[in-house]
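> With the input below, show me the fold.
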Amino acid sequence: MNIHEYQAAEILHRHGVPVNPGKVASTPEEAAAIAAEFGTIVAVKAQVHSGGRGKAGGIKLAKSPEEAAAAAKAILGMDIRGHIVNKVLIAKGASIAAEYYLGVILDRDNRQILVMASAEGGVDIEEVARVSPEKIVKINADPYLGFHPYQARQLAFALGIAADKVNGFAAIAQNLYKAYVAEDATLTEINPLILTGDGAWMALDSKVSFDDNALFRHPGHEELRDLAEENETELDARRSGISFVKLDGTIGCIVNGAGLAMATMDAVKLHGGEPANFLDVGGGASASQVAKAFGLVTADPNVEAILINIFGGITRGDVVAQGIREALTQVNVKAPIVVRLSGTNAEEGRTILAEAGLTAVTSMDEAAAAVVRAARGA
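Here you go, the predicted model:
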């Protein structure tokens, strides 16, 4: 779950990170009033769940309330990577002496928490990782033992930070780590973390993403959700109890089980296709759930073929096949469909599907190859 920059700054501030003060405006008039209240140069920053705001023109400096109003008018309503700007953050201008990147994420391979830093702050960290990976310093923290002060100082020394500024940097790094753990985050990030002209540390741009699976432990996090920033199809799926994530490919996937859904996407890519979505219809794969899944998948105009991959364990294959057949009477699906059905009563299920005019195969590899051919019109 993503949240806006101003919300992330409030969370990091509660965990002891010095942040740049600011207020949110949804109209040019509100932006002008906030700028007048600050009485200094301000930055007008688009609040959307997307990177690349600066390159898209979503961040502008203003020297007066009138300029702040003009900047807000230009930014509000802007489309940044498919996200419409509905609000802007008015933040005080800062004198920047140096910029750094600091972030905390999960290192799945090592089953530890990774703290990263770079002296290339203020730019796209993914681009730094691609072009100059040696400029990113990484230290793993054991989730049971935590991120130690000496490790935070190691980061600072590796970045070449002056000796009298090391402890300040280390304290922020530790607090960012603590925020990551305490908030059940998947990411806490400051980019840039700056040294001001008078030598103070400040988080100029904050980012926090939460683990959806831990929201039950943090009732207040749900209140930070901005539904206008989320994909409507994904919201619809969530309300129906279906796990769905939209992707950029052309092959719709309807699968029972999250692990099988991931494997299905891998198989599609192996055969040269691109999945249009991740979709776990759930263990039952009832007619109503399958019909809903069809509706979610076909809402994407880019879908050129659909792969249904069902493994019948507790769920019987013939029951699933009947559900698929019934679902197709409820939803008008024009894209070609390939079904892989395996497990309990799979043979009976494939017979039912064949009678309904559907292509039914036994292996996932065969199904993936068939659906890629179907998407290409073969």
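> could you pull out the helices for the stretch 151-300 of the chain?
Using DSSP state H, counting those that start in this stretch, the helices assigned to the stretch 151-300 of the chain run over residues 163-182, 219-222, 232-239, 258-270, 287-298.
> what about those helices, which gets the closest to Q47?
Closest approach to Q47 among the helices of the stretch 151-300 of the chain (C-beta to C-beta): helix 219-222, 17.3 Å. (C-beta placed from N, C-alpha, C; glycine too.)
> I'd say V85 and H49 touch.
No: if you go by C-beta atoms under 8 Å, V85 and H49 don't touch, sitting 10.9 Å apart.
> Let me know the next secondary structure element after the helix or strand hosting G323.
Using DSSP states H and E, G323 sits in helix 317-330. Per DSSP H and E, the first helix or strand lying C-terminal to helix 317-330 is strand 337-343.
> ok, that next one: who's next to it in the sheet?
Its sheet considered, strand 337-343 pairs with strand 305-312 (parallel), strand 359-361 (parallel) by DSSP bridges.
> Now the helix holding G323: buried residues?
Neighbour-count burial for helix 317-330 flags 317-325, 327-328 (criterion: 16 or more other C-beta atoms under 10 Å).
> Roughly how far does G52 sit from W201?
For G52, the distance to W201 equals 25 Å [C-beta to C-beta, to the nearest Å].
> per-domain residue ranges of the protein.
Using automatic domain parsing, the domain parsing of the chain gives 21-92, 96-222, 232-375.
> hmm, back to that, could you check the angle the helix holding G323 makes with strand 337-343?
160 degrees (axes from the mean of the first three to the mean of the last three C-alpha atoms, to 10 degrees).
> Could you list the residues in contact with helix 317-330?
256, 285-291, 293-294, 308, 310, 312, 339, 341-353, 356, 358, 360 (C-beta atoms under 8 Å, 6 or more residues apart in numbering).
> Ok, stretch 65-77 next?
So stretch 65-77 is contacted by 25-36, 42, 44, 46, 57-58, 60-62, 84-88, 90 (C-beta under 8 Å, 6+ apart).
> pLDDT weak spots in the stretch 201-350 of the chain?
Residue ranges of the stretch 201-350 of the chain with pLDDT under 70: 229-232, 236, 240, 283-287, 313-314.
> okay, and for the stretch 1-150 of the chain, where does confidence drop off?
In the stretch 1-150 of the chain there are no weaker segments when pLDDT under 70 is taken as the threshold.
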